[in-house]
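Engineer: Based on what follows, work out the 3D shape:
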Amino acid sequence: MSMRHKVGTIAGTMAVSLAFFPGMASAHSLSFNQKTSAYVKSFIGRVPYVYGGSSPGSGFDCSGLTHYVYGHYGKSISRTADDQFRHFRRESRSGAWGGDLVFFHVNSDPNSYVYHVGIYEGDNHMVSATNPAGGIRWQTIYSANVTFGTITH
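Structural biologist: Modelled structure (predicted):
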């Protein structure tokens, strides 16, 4: 068997494996943003909203969720939505990536107080801890008074 044939066989075997087991080979090559965007979805419908909550065992509020998800991948961020906003670099809506944060302001001033935060999923959607009735959920960004923030790009 020639070396060329062995390499082709290995590549073919990997292609077949990936076709039947998608996502298997790429777990280590995902970016921080891709990991956070995917991980936060694991809490949808499973973890309750709890004011001041910061763990999946007890529940999350909005900034507790972002704090926990970022911390899970080694990024230490502030605990409250407004403090998170103050420490993130602003990003345009068109430049935001899934995994960045979406900050909701009390008015149209982009420097105004931030009362809510979620993890951006792209295409005007995010995952956030909403309220006791809604829990953690995927939702459309419902306000024009938002800014996007990043610590990765």
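Engineer: Val146 bridge partners, please.
Structural biologist: Here Val146 sits in beta bridges with Phe104, as judged by DSSP bridges.
Engineer: Ok, His116 next?
Structural biologist: As assigned using DSSP bridges, the partners bridged with His116 are Phe104.
Engineer: and what of Ser54?
Structural biologist: Applying DSSP bridges, one finds that Ser54 bridges with Phe60.
Engineer: State the mean pLDDT of the helix or strand where Val40 lies.
Structural biologist: If you go by DSSP states H and E, Val40 is part of helix 32-40. Mean pLDDT, helix 32-40: 98.
Engineer: Also stretch 93-102?
Structural biologist: Here the average pLDDT along stretch 93-102 is 98.
Engineer: burial measure for Gly45, as a count.
Structural biologist: Neighbour count for Gly45, taken as other C-beta atoms under 10 Å: 11. Backbone N, C-alpha and C define where each C-beta goes, glycine included.
Engineer: oh, I was asking about Thr80
Structural biologist: Thr80 has 16 nearby residues by other C-beta under 10 Å.
Engineer: if I pick it, what's in contact with it?
Structural biologist: Taking C-beta atoms under 8 Å, 6 or more residues apart in numbering as the contact definition, Thr80 lies against Ser63.
Engineer: Now with 10 Å, please.
Structural biologist: Asp61, Cys62, Ser63, Gly64, His67, Arg86, Val114, Tyr115, Val117 (C-beta atoms under 10 Å, 6 or more residues apart in numbering).
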